[in-house]
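Enquirer: my questions are about this predicted structure, shown below with the sequence.
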Amino acid sequence: MDLIKEIITILSSQESSLSDALLKTKILLHKIGHKELVEWVNNELNGYPDKSSVPDYRVLHAEVLANAVNHAYQFNRMQIPIGHLPEEQQESLTNIEMDQSLVSLEKLVSKEGSHLRSPIPIETNYFLQEGLDESIHINSSWCEVQPSQIIQIFIQVRSRLLDFVLELQDGFGEGATDEELRDRSGELDTKGLFATTIFGDNASIGDNAIIVVGDNNQQSIANVAVKGDFTSLSDVLKKHNVADDDIAELERAIADDGQLDESKKEFGSSVKSWLQTMLSKAVYAAWQIELGIASNVLVDGLRKFYGWA
């Protein structure tokens, strides 16, 4: 089939467009009667809808870095030890699930000096500092992935897709009509072939932090908290498995803090104390949520409640 040959030719050249090969693969899958397999193609072209659907070859290892100071020195891009954190939280910080479209990733690595960072919320620096000398203060921290790691994603997609279409070419032979292709596709167990060549053993995918790509474009967390409406804030927290007792404690903390200075946009002491307690629960797995997501859920929800976002 000419279409298979076209795809093989594209994939065989590193200079050719990977997106073009994927689009032609989408056409091919429809022609052989397996449009249900198009989901993977669409996810690579458009980005993955959620972290749980990201395949293992898109899970990258990140370094935890920080800018910090002590009484005498400033430390830029200092690597932060995280061995004192629970294993779950270490994985949350160091496993980055790349759910962006291939085009977005290609644009990122095409920029000289580009990088990918996942900022660690400032509220969590307290836990990171436990692994440092007490004289050192962290100003900002983040997880970082190198461009060379992202390039490996392109190589994996190209290689896996090439394996698939080469197997199809061997099975279909030359000059088959569309009808013959559909018939032979069933004989070949195309679904099984696709699963094996594209996903391999499909290893389990780890948890991860929120990602920022390129020039400060951050993935958002869905929040529907409304200014002054505690019920809407409560709904957001419940969606992320915050316990009813903790939500009730937050409501009391907000009441205790009373009216805040709008110009400062700072949480009151009672709410800050509540936040610290909740982040401690996230770190030590008393609240089943990733540390980076926990902080964003709580802080973003509260900022919307106070009308600061």
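Expert: Cool, the structure landed.

Enquirer: did I read that right, Lys96 in a helix?
Expert: Not Lys; residue 96 is Ile. No: with DSSP: H, G, I helix; E, B strand; the rest coil as the criterion, Ile96 is located in strand rather than a helix.

Enquirer: quick check, pLDDT for it.
Expert: If you check Ile96, the pLDDT there is 90.

Enquirer: kindly report the same for the one 5 residues further on.
Expert: Note for Ser101: predicted pLDDT of 95.

Enquirer: just the one 3 residues further on next, same as before
Expert: At Ser104, the model reports a pLDDT of 92.

Enquirer: with the one 4 residues further on instead?
Expert: Leu108 carries a pLDDT value of 84.

Enquirer: where is the longest helix in this structure?
Expert: Across the chain, the longest stretch assigned as helix under DSSP state H is helix 147-172.

Enquirer: buried sites along that one?
Expert: Residues 147, 150, 153, 156-158, 160-168, 171-172 are the ones in helix 147-172 that count as buried (16 or more other CB atoms under 10 Å). All C-beta spots, glycine's among them, are computed from the backbone N, C-alpha and C.

Enquirer: what of stretch 4-21?
Expert: For stretch 4-21, the neighbour count (16+ other CB under 10 Å) marks 4, 6-8, 10-11, 18, 21 as buried.

Enquirer: least trustworthy helix or strand in this structure by mean pLDDT?
Expert: strand 217-218 (a mean of 36; mean pLDDT, DSSP states H and E).

Enquirer: paired strands for the longest strand that the chain contains, with orientation please.
Expert: Criterion DSSP state E: the longest strand present in the chain is strand 137-145. Using DSSP bridges, the strands paired with strand 137-145 are strand 63-69 (antiparallel), strand 116-120 (antiparallel).

Enquirer: re earlier: by contact count, what packs against the longest helix of the chain?
Expert: Applying 3 or more CB pairs under 8 Å, 6 or more residues apart in numbering; DSSP states H and E, one finds that helix 147-172 contacts helix 2-11, helix 18-31, strand 59-61, helix 102-110, helix 178-188, helix 190-199.

Enquirer: could I get those as JSON lines with distance to Leu116?
Expert: Output for the helices and strands packed on helix 147-172, formatted as JSON lines (distance: least, CB to CB, whole Å):
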{"stretch": "helix 2-11", "distance to Leu116": "25"}
{"stretch": "helix 18-31", "distance to Leu116": "19"}
{"stretch": "strand 59-61", "distance to Leu116": "8"}
{"stretch": "helix 102-110", "distance to Leu116": "7"}
{"stretch": "helix 178-188", "distance to Leu116": "38"}
{"stretch": "helix 190-199", "distance to Leu116": "24"}
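
Enquirer: and Thr277, which of those is closest to it?
Expert: strand 59-61 (30.8 Å; CB to CB).

Enquirer: counting by contacts, list what the closest one packs against.
Expert: Strand 59-61 packs on strand 95-97, helix 147-172, going by 3+ CB pairs under 8 Å, 6+ apart.

Enquirer: tell me the buried residues in that strand?
Expert: Buried residues in strand 59-61, counting neighbours by 16+ other CB under 10 Å, are found at 59-60.

Enquirer: who does the most centrally placed residue in the chain bridge with?
Expert: Geometric centre of the chain, nearest residue: Glu97, 3.9 Å, by CA atoms, centre = their mean. For Glu97, the beta-bridge partners are Val59 (DSSP bridges).
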